[in-house]
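*Asks:* Based on what follows, work out the 3D shape:
(chains A and B)
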Amino acid sequence: ETGVTQTPRHLVMGMTNKKSLKCEQHLGHNAMYWYKQSAKKPLELMFVYSLEERVENNSVPSRFSPECPNSSHLFLHLHTLQPEDSALYLCASSQDRDRYNEQFFGPGTRLTVL
Amino acid sequence: GENVEQHPSTLSVQEGDSAVIKCTYSDSASNYFPWYKQELGKGPQLIIDIRSNVGEKKDQRIAVTLNKTAKHFSLHITETQPEDSAVYFCAATGAGTLTFGKGTMLLVSP
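*Replies:* Residues are numbered from 1 along each chain as shown, chains lettered A, B, ... in the order given. Predicted coordinates for the structure are as follows:
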């Protein structure tokens, strides 16, 4: 596999479920990101990890919990979500957090909360 | 913080025509402006970017222009082809975090 992969590609869950999204990058990058993409809204940055440390958390509700066990893997743990959390969740990586570094995106996980 | 406005939200053109997408930003400290293309079922992919020390950059059929005084930048696609159909996002950053526009859906009809 090359680039940034995400699993699952689609997820349907109830509001009381607990699930996790997985992201893996095969690019040797040091920074990883979670974005939320909703219809007719800009991409919303949720979390940023640099060298496995969380360096940014953009006022995301605690029902979203990120985890970065190593520089190649990033998880987003979900629990007691709301219907308005339904969206496409995109993972991205870049060489480091320098603003000029290209971010490489995965294909996303389409999440539906019932 | 930064605010990026993008227009139009939808753009339909005939194959071979040119397409122009415009963005404005609010933070005069922003100095890096990438454009991403997102095809159906895929994540966004960088297609071109520009830094604030230049006014224009071109790569084959795509070009980006930047007007720092007016705080706006534009994507130009010439000789459009059906495979150009996608959603295009502009973004701006000055402090490391990208702020994205809402996106423009470009439809190129054969």
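
*Asks:* all contacts plus neighbour counts: C-alpha atoms, from now on.
*Replies:* Fine.

*Asks:* what does stretch A:16-24 contact?
*Replies:* By Cα atoms under 8 Å, 6 or more residues apart in numbering or on different chains, the surrounding residues in contact with stretch A:16-24 are A:4-8, A:13, A:72-81, A:91, A:106, A:109.

*Asks:* For PyMOL, write the selection for the buried entries among the residues you listed.
*Replies:* Buried residues within these, by 16 or more other Cα atoms under 10 Å in any protein chain shown, are selected in PyMOL with:
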select buried, chain A and resi 4+5+6+7+13+72+73+74+75+76+78+79+80+81+91+106+109
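
*Asks:* from the contacts of stretch A:16-24, which are also near chain B?
*Replies:* Restricting these to those near chain B by Cα under 8 Å from any Cα of the partner chain leaves A:G106.

*Asks:* does the nearest residue to A:E53 once chain neighbours are set aside belong to a helix or a strand, and which?
*Replies:* Excluding the flanking residues, the one nearest A:E53 by Cα to Cα, 6 or more residues apart in numbering or on different chains is A:C68, at 7.5 Å. A:C68 is located in strand A:64-70, with elements delineated by DSSP states H and E.

*Asks:* List of residues touching that strand?
*Replies:* Strand A:64-70 is contacted by residues A:47, A:49, A:51-53, A:74-79 when judged by Cα under 8 Å, 6+ apart.

*Asks:* so which of these comes closest to B:T24?
*Replies:* Checking these against B:T24 by Cα to Cα gives A:F47 as the nearest, at 25.0 Å.

*Asks:* any idea which helix or strand comes after the helix or strand where the closest one lies?
*Replies:* Element membership for A:F47, per DSSP H and E: strand A:44-50. Under the assignment DSSP H and E, the closest C-terminal helix or strand after strand A:44-50 is strand A:53-57.

*Asks:* Run me through the strand neighbours of the helix or strand harbouring B:I50, direction for each.
*Replies:* Following DSSP H and E, one finds B:I50 within strand B:45-51. Here strand B:45-51 is paired, per DSSP bridges, with strand B:32-38 (antiparallel).

*Asks:* which pair in the contacts of strand A:64-70 spans the largest distance?
*Replies:* Spatially, the most separated pair among those is A:L51 and A:H79, at 25.8 Å (Cα to Cα).

*Asks:* remind me which residues of the chain are low pLDDT?
*Replies:* As the question left the chain open, I've gone with chain A. By pLDDT under 70, the low-scoring segments of chain A are A:1.

*Asks:* that's the other chain; I wanted chain B
*Replies:* The model of chain B has pLDDT under 70 over residues B:96.

*Asks:* Thanks again, I'm all set now.
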